[in-house]
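Participant: Sequence and predicted model, in that order:
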Amino acid sequence: MSKRVWMIAGAALLTLVLLSLVVLFSFRGAIQKLVRHRTEAYLKARFQSDVEFKDFQVWVGPGVHVVVNGLALRHKGRTDVPPLIETRRVSFDTSLHGILGEKVSIHSVRLEGLQIHTPPRKPGEKPLISATDEDLAKKYPVAIEEILADDALLEPLPKNPGKTSHPFFIHHLELHNFRFDQPASFHALLTNPTPRGEIDCAGQFGPWRADEPSVTPVEAKFTFEQADLGTLKGLSGMLSSKGQFKGPLDYLEVEGETDTPDFALRTGSHPVPLHTDYSAIVDGTNGDVILENVIATFLNTTLTVRGEVIDLTTQKGRTVRLDTVLQKGRVEDLLRLAVNTDKPTMTGYAKLKTRIDIPEKDEDLIERMRLDGQFGIGDILFTNSEIQDKINTLSHKAQGQPQRGPAGTELSELRGKFTMEKGVVKFSKLTFGVEGASLAMAGTYNMDSGQLDFRGKLRLDAKLSQTTTGMKSFFLKAVDPFFKGRDGGTVLPIKITGTKDHPKYGLDLHDETNKEPAPAPAPSK
């Protein structure tokens, strides 16, 4: 009897186990269908995209674990551009109540291989994701405690398909308390492509604007460490920056400061410490920057800069347009930065105003840079005593007092206009003077080779014969009429050639192009 009872009990138990397995698998299947349906419906409505899954798996008990492989969202089914969002693998954990309740609550979501491609929007076009009459926050309420993503890619796609995109590589991204109807806190570590460096950013993001993603608000603080300016050909130095930004994604107001203790141009030999304070407007959807105000300081010189850094062509890089003003800096600082010399050739105050244009090309920055401006240099003293002595002697001879020798004299302000292209500076209307003499010149200077080629007129108060003594003075009286200026004195055509380290001075008697009139000499004191 007992044996029969045990057999019946065993059969009943086996039946219960089989029924439990059938119920469990049916329940799991129902849960999987429900989760997949709710996920697909929500993503399709929220992003107005076709939703693709390569694989969708759900595990139940004690909680609910979901793994989705090969997720892709194609906005309005478009296949001519990369998917709006794609991930290699999505996994998240929740509970039965969290997934079956009226409000979906998810503990943690992990995204692997996340790529976000934001298609461009042309002026006048409809928003990427247009508004809907449905209240999606109510129809598909979702709350996610934590979203984690490593090695993600954010790539704003350019309006012109031929242009180079500028992707951002996000090493680590955390979002906490994510909802579509309120801000979420975030922390991101990413690589800036040019200049290459690491950005650490934390703040508030959202709420997400489904009808117009570009106006989704964000507010955060950031640090930008060890940015290698060497990734910009023609520059060197390691830059660090910190600041904050806020506003909609397409109009971020940014304020911050940078420090580069070893900033240098390729043409210079001595790195200088560079500090900047800046405010700018950044379009976070394409990376364009409007520089509202930049104050750059190095050594004893301060520059004020305004302009823009924008993507205009299909070439690699961005177009830079800057207006730069130097009210009163030091010429020795500028020479130290720009010219490869052991020490600056002169000292004095400097004033400068120039337009800087750097087109989009993958070339050395000095080669690409175009300048158009004017300058003034005053209180000039030459660091080479031989040059200073020659200037002093010139002044005394020009006044008809050659016997005075190289005693001290004062130079007037050196002024001129200049342009630069492909590393060659072209000067025009270059003038300066000392007591009794003035010089007007034009010419070129090669930033790389240091080659000089200047032509101009030297005007003296004295006659040529009065610039010397003895027999030489007597014989020069015969040629005084040939070099006489309109108002008396002497006008000599001269040239300066050679290099910055070994200049050559001489008369330019055979160059018919040297016709620029000499200015009036500096007044005697």
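Facilitator: Yep, it's here.

Participant: And the helices in the stretch 51-200 of the chain?
Facilitator: 96-100, 136-139 (DSSP state H, counting those that start in this stretch).

Participant: Show me where the stretch 251-400 of the chain has its strands.
Facilitator: Per DSSP state E, counting those that start in this stretch, the stretch 251-400 of the chain carries strands over the ranges 252-265, 272-282, 289-298, 301-310, 319-330, 346-358, 370-382.

Participant: Work out the sheet partners of the fifth one and label each with its direction, please.
Facilitator: Spelled out, that is strand 319-330. The strands beside strand 319-330 in its sheet (DSSP bridges) come out as strand 301-310 (antiparallel), strand 346-358 (antiparallel).

Participant: Present those strands as JSON lines; the columns should include mean pLDDT.
Facilitator: Converted to JSON lines, the strands paired with strand 319-330 look like this (pLDDT from 0 to 100):
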{"stretch": "strand 301-310", "mean pLDDT": "92"}
{"stretch": "strand 346-358", "mean pLDDT": "92"}
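
Participant: Residue 147 versus residue 221, what's the distance?
Facilitator: To residue 147, residue 221 is 20 Å away according to Cβ to Cβ, to the nearest Å. C-beta here means a position set from N, CA and C on the backbone, and glycine is covered the same way.

Participant: repeat for residue 263
Facilitator: 39 Å.

Participant: Compare these two (neighbour count), which wins?
Facilitator: Taking other Cβ atoms under 10 Å, residue 263 and residue 147 do not tie; residue 263 has more neighbours (23 against 20).

Participant: Show me the shaky parts of the stretch 151-300 of the chain.
Facilitator: Residue ranges of the stretch 151-300 of the chain with pLDDT under 70: 158-166, 208-214, 285.

Participant: Report the contact partners of the residue nearest the centre of the chain.
Facilitator: Nearest to the geometric centre of the chain sits residue 309, at 6.6 Å (Cα atoms, centre = their mean). Contacts for residue 309 (Cβ atoms under 8 Å, 6 or more residues apart in numbering) come out as 288-289, 291, 318-320.

Participant: now swap in residue 329 and tell me
Facilitator: 300-303, 349-352.

Participant: which of the helices of the stretch 51-200 of the chain has the lowest average pLDDT?
Facilitator: Per-stretch mean pLDDT for the helices of the stretch 51-200 of the chain is lowest at helix 136-139 (a mean of 55).

Participant: one step back: now render the strands of the stretch 251-400 of the chain as JSON lines, adding distance to residue 504.
Facilitator: Formatted as JSON lines, the strands of the stretch 251-400 of the chain follow (distance: least, Cβ to Cβ, whole Å):
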{"stretch": "strand 252-265", "distance to residue 504": "26"}
{"stretch": "strand 272-282", "distance to residue 504": "31"}
{"stretch": "strand 289-298", "distance to residue 504": "32"}
{"stretch": "strand 301-310", "distance to residue 504": "31"}
{"stretch": "strand 319-330", "distance to residue 504": "28"}
{"stretch": "strand 346-358", "distance to residue 504": "19"}
{"stretch": "strand 370-382", "distance to residue 504": "17"}
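
Participant: so what's residue 92 closest to, chain neighbours aside?
Facilitator: Closest residue in space to residue 92, ignoring its immediate chain neighbours: residue 109 at 4.2 Å, by Cβ to Cβ, 6 or more residues apart in numbering.

Participant: Provide a list of residues in contact with the one you found.
Facilitator: Residue 109 touches 90-92, 144, 146-148, counting by Cβ under 8 Å, 6+ apart.
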